[in-house]
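**Q** sharing a sequence plus its predicted fold:
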Amino acid sequence: MPEAFKADGGSKLSRLWDRALFFGHFLADPRGLASPAPSSRRIGEVIAGELAAWKAHRVVELGCGTGSLTEGVLHALPPDEKLLCVERKPAFCRRLKARFGDRVEVVQGDALRLPDIVAHTRWEEPDAVVCSVPLLNRFGKSLCRTIAEALPPGALYLQVANYRAPVEAYFDIHKTYVFLANIPPEQLHCAVTKNGK
């Protein structure tokens, strides 16, 4: 298990740039992002702990944004392990590549295409999926179903969302964290597929 993780988020200028980039995209597509600011560092720390405890190596992150959670995910992985990042916005894809270099494999695409994206790759049967794609829109239930179909038995699903109904339709939530200091306040649902799938 890696040493305790405490995100530094990079330089102050880098953090400001990420917030400005994220906020600009939120103004253009508020339903697509559902938050005016990236997730807090504390959520990334908790994700790192959950992934490390699960001993997850092959991890897929959906809806990576500017990488506020990606740092935590990478901390939980072995140093020679890559993270698969699926992000639909080109500007965010460029930011992820610039920020994390060869530690990430960035795919510009829709999270609903997860089975096609991971097919015939080392992530075809991931140990875990970390997702911060909003579930409030009409695609929430479809997304959770897609993730459940892509995960092998015993895999971990970490979903950042206040809305838990789509998650509960396909997963057993075994733990939920609440982050009141996040803007807006947020929850992290830790789940596995129903019936041990």
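**A** Everything's here; your move.
**Q** contacts and neighbour counts: CA atoms only from here.
**A** Noted.
**Q** now the helices for the chain?
**A** Using DSSP state H, the helices assigned to the chain run over residues 12-28, 30-33, 41-54, 70-76, 90-100, 114-118, 140-150, 165-170.
**Q** report all helices and strands that the fifth one contacts.
**A** This points to helix 90-100. On a contact count with 3 or more Cα pairs under 8 Å, 6 or more residues apart in numbering; DSSP states H and E, helix 90-100 meets strand 104-108.
**Q** give the buried residues for the strand it packs on.
**A** Under the neighbour-count criterion of 16 or more other Cα atoms under 10 Å, strand 104-108 has V104, E105, V106, Q108 buried.
**Q** which of these sits closest to P166?
**A** The nearest member of the buried residues of strand 104-108 to P166, counting by Cα to Cα, is Q108 at 24.0 Å.
**Q** so what's the closest one bridging to?
**A** As for beta bridges, Q108 partners with E87 under DSSP bridges.
**Q** please apply the same query to L83.
**A** V104.
**Q** list the contacts for it?
**A** By Cα atoms under 8 Å, 6 or more residues apart in numbering, the residues touching L83 are R58, V59, V60, E61, V73, L74, R103, V104, E105.
**Q** my read: the last one touches E87, true?
**A** No. Taking contact to mean Cα atoms under 8 Å, the distance of 10.8 Å between E105 and E87 leaves them out of contact.
**Q** reformat the contacts of L83 as a markdown table; add pLDDT.
**A** A markdown table is the format used below for the contacts of L83 (pLDDT from 0 to 100):
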| residue | pLDDT |
| --- | --- |
| R58 | 97 |
| V59 | 98 |
| V60 | 98 |
| E61 | 98 |
| V73 | 96 |
| L74 | 97 |
| R103 | 97 |
| V104 | 97 |
| E105 | 97 |
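**Q** not counting its neighbours along the chain, what's nearest P78?
**A** Spatial nearest neighbour of P78, excluding adjacent residues (Cα to Cα, 6 or more residues apart in numbering): H57 at 7.0 Å.
**Q** do you know how far the one you found is from T66?
**A** For H57, the distance to T66 equals 22 Å [Cα to Cα, to the nearest Å].
**Q** the two: which has the busier surroundings?
**A** Neighbour comparison, H57 and T66: the larger count goes to T66, with 25 against 21 (by other Cα atoms under 10 Å).
**Q** so what's the residue nearest to the more buried one when sequence neighbours are not counted up against?
**A** Using Cα to Cα, 6+ apart and skipping the chain neighbours, the partner closest in space to T66 is F92 (5.4 Å). Applying Cα under 8 Å, 6+ apart to F92 gives the contacts C64, G65, T66.
**Q** how near is the residue nearest to P78 to P126?
**A** Per Cα to Cα, H57 is found 8 Å from P126.
**Q** try G72
**A** 17 Å.
**Q** same question for V133.
**A** V133 is 18 Å from P126, by Cα to Cα.
**Q** what do you get for V118?
**A** Taking Cα to Cα, one finds V118 at 9 Å from P126.
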